[in-house]
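Colleague: Here is my input, please return the structure:
(chains A, B, C and D)
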Number of protein chains: 4
Amino acid sequence: MSDILIKLAAVLEARKAAAPDSSYVAGLYAKGLDAILKKIGEEATETVVAAKNGDKGQIVYETADLWFHCLVMLAHQGLSPNDVLAELARREGLSGLEEKASRGKS
Amino acid sequence: MSDILIKLAAVLEARKAAAPDSSYVAGLYAKGLDAILKKIGEEATETVVAAKNGDKGQIVYETADLWFHCLVMLAHQGLSPNDVLAELARREGLSGLEEKASRGKS
Amino acid sequence: MSDILIKLAAVLEARKAAAPDSSYVAGLYAKGLDAILKKIGEEATETVVAAKNGDKGQIVYETADLWFHCLVMLAHQGLSPNDVLAELARREGLSGLEEKASRGKS
Amino acid sequence: MSDILIKLAAVLEARKAAAPDSSYVAGLYAKGLDAILKKIGEEATETVVAAKNGDKGQIVYETADLWFHCLVMLAHQGLSPNDVLAELARREGLSGLEEKASRGKS
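Modeller: Numbers count the residues shown, from 1 in each chain, chains lettered A, B, ... in the order given. This next block holds a predicted model:
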């Protein structure tokens, strides 16, 4: 399941060579970075609204929309979801060390 | 690498039982949903600003912040990153079918 | 010039009685609060992007869009821009007092 | 009441010459545009959350925060709230004309 981000990134990379009217993502690339970023702001707000509604299906749907448009932005900027996952892993490692340190203190 | 989201979700789940002052995330849970959602809005904007700056390190850092706070929100709402990844996989499958259909047309 | 917010609020109030397909705002009311809030998130992001672009015309246009959708939200929630302006005046008064106090100190 | 935006803009303009540690706004100017924009994204999300909570006092407070940080951004970019109000007046005028036009049609 968890390698879907990598699979999606490969699909998004391939779409860069596609005609603007061939798919939603190809159209978004053609509109450029500002249009992609507008979608990130829009989907973040929809995620917030979904969470306030407490509707689990809606939360999952909108969070997927938000992450998807983050993947489009990463691809547009020459980055991979692996870069973000590595940053999260680095922090989790640090956090693990912090926890050990704080356990040591108590 | 890609199972870091699942590992992080397990850590976030465990923090639910921790004292509010024991970690950043435990404090965020204690403040409640609105505080978590405020962070999602804040980090989404920082991701947008980082992308406009075109600074790859900053983009990775802020997108990691955004995804991290989405994971906190999902945990708070009783959801798993797997729910979001499954939704993305479902769409990618649909998209694959769409592509096949459109290739059939050409 | 500065009473345009009040004039606009009166127009927005009148639109509440209009048919959903009679204007953009009437349609937005009919879609409900979540649709109005989505626009606030979207226009806030566009304001951020415009400011990063440093394009004065775009900044003015997007900030106007953001304030306009705030006015629609206020009207939908039974509030007036005067409520927000009074809150800003209250703070400015407090700030004025603070300044006087700090000038007194030096 | 409605000239509070202009009064506030004059205060914000004066703060540009102040030492970074002399006030909240002077500190925000010193941090620069990205810090100001982060606040716009944060306050927009808090406005959305307040509206979902349906708490009128909270809505007024957060919308005032959002407009205030828009004023800071406008001042930072060499713009006045009058620029935004003029754009809103222009649209309201257009909208009035549109209405007359559509009434003419029916």
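
Colleague: what residue is smack in the middle of chain A?
Modeller: Centroid-nearest residue in chain A: A:Trp67, 3.0 Å away (criterion: CA atoms, centre = their mean).

Colleague: Leaving out the residues flanking it, which one is nearest to it?
Modeller: Residue nearest to A:Trp67 in three dimensions, not counting chain neighbours: B:Val84, with 6.3 Å by CB to CB, 6 or more residues apart in numbering or on different chains. (Each C-beta comes from the backbone N, C-alpha and C, glycine too.)

Colleague: Which strands or helices does the helix or strand hosting A:Lys52 pack on?
Modeller: If you go by DSSP states H and E, A:Lys52 is part of helix A:33-53. On a contact count with 3 or more CB pairs under 8 Å, 6 or more residues apart in numbering or on different chains; DSSP states H and E, helix A:33-53 meets helix A:24-31, helix A:56-76, helix B:33-53, helix B:56-76, helix C:33-53, helix D:33-53.

Colleague: circling back: any idea how far D:Pro81 is from the residue nearest to A:Trp67?
Modeller: According to CB to CB, to the nearest Å, B:Val84 and D:Pro81 sit 40 Å apart.

Colleague: cool, and A:Lys39?
Modeller: Note on A:Lys39: its distance to D:Pro81, by CB to CB, is 29 Å.

Colleague: can you pull the contacts of the closest residue to chain D within chain A?
Modeller: Chain A approaches chain D most closely through A:Lys52 (3.9 Å), counting by CB to the nearest CB. Residues in contact with A:Lys52 (CB atoms under 8 Å, 6 or more residues apart in numbering or on different chains) are B:33, B:37, D:49, D:52-53.

Colleague: try A:Glu42
Modeller: With contact taken as CB under 8 Å, 6+ apart, A:Glu42 is in contact with C:38, C:41-42, C:45.

Colleague: circling back: most neighbours among the contacts of A:Lys52, which one is it?
Modeller: Of the contacts of A:Lys52, B:Leu37 is surrounded by the most neighbours, 26 neighbours in total, counting by other CB atoms under 10 Å in any protein chain shown.

Colleague: Surely A:Leu79 and B:Ile59 touch.
Modeller: Yes: the pair A:Leu79 / B:Ile59 is scored as a contact, 6.3 Å apart, by CB atoms under 8 Å.

Colleague: So the two - more neighbours on which side?
Modeller: Set A:Leu79 next to B:Ile59 and count neighbours by other CB under 10 Å: B:Ile59 wins out with 26 against 19.

Colleague: What parts of chain A come near chain C?
Modeller: Contact residues, chain A versus chain C (CB under 8 Å from any CB of the partner chain): A:34, A:37-38, A:40-42, A:44-46, A:48-49, A:53.

Colleague: What residues sit buried inside the helix holding A:Lys52?
Modeller: Along helix A:33-53, these residues count as buried under the neighbour rule (16 or more other CB atoms under 10 Å in any protein chain shown): A:33-34, A:36-52.

Colleague: Now do A:Ala19: how many residues are near it, please.
Modeller: A count of nearby residues for A:Ala19, using other CB under 10 Å, gives 10.

Colleague: how much space between the closest residue to chain B within chain A and D:Ile40?
Modeller: Closest to chain B within chain A is A:Ala44: 3.5 Å, counting by CB to the nearest CB. In this structure, A:Ala44 and D:Ile40 are 13 Å apart, going by CB to CB.

Colleague: about what we covered before: in a markdown table, list the residues of chain A next to chain C along with pLDDT.
Modeller: As requested, the residues of chain A next to chain C are exported to a markdown table (pLDDT from 0 to 100):
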| residue | pLDDT |
| --- | --- |
| A:Asp34 | 98 |
| A:Leu37 | 98 |
| A:Lys38 | 97 |
| A:Ile40 | 98 |
| A:Gly41 | 98 |
| A:Glu42 | 97 |
| A:Ala44 | 98 |
| A:Thr45 | 98 |
| A:Glu46 | 98 |
| A:Val48 | 98 |
| A:Val49 | 98 |
| A:Asn53 | 98 |
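
Colleague: wait, which of those is closest to A:Glu92?
Modeller: Using CB to CB, A:Ala44 comes nearest to A:Glu92 of these, at 22.9 Å.

Colleague: how about the nearest residue to the closest one, chain neighbours excluded?
Modeller: Spatial nearest neighbour of A:Ala44, excluding adjacent residues (CB to CB, 6+ apart): B:Ala44 at 3.5 Å.

Colleague: I figured the one you found hits B:Asp65, correct?
Modeller: No: using CB under 8 Å, B:Ala44 is not in contact with B:Asp65, being 9.4 Å away.

Colleague: wait, what's in contact with A:Ala51?
Modeller: Shown in contact with A:Ala51 (CB under 8 Å, 6+ apart): A:59, B:33, B:36-37, B:73, B:77.

Colleague: Ends of stretch A:20-36, what's the gap?
Modeller: End-to-end distance for stretch A:20-36, by CA to CA, to the nearest Å: 14 Å.

Colleague: next one: it to chain centre, how far?
Modeller: Taking CA atoms, centre = their mean, to the nearest Å, one finds stretch A:20-36 lying 17 Å from the centre of the chain it belongs to.

Colleague: again with stretch A:52-66
Modeller: Counting by CA atoms, centre = their mean, stretch A:52-66 comes out at 14 Å from the chain centroid.

Colleague: got it, and stretch A:26-42?
Modeller: 14 Å.

Colleague: Ends of that stretch, what's the gap?
Modeller: Using CA to CA, the end-to-end distance of stretch A:26-42 comes out at 19 Å.

Colleague: low-scoring stretches of chain A, by residue?
Modeller: Judged by pLDDT under 70, chain A has its weakly predicted residues at A:1-2, A:94-106.
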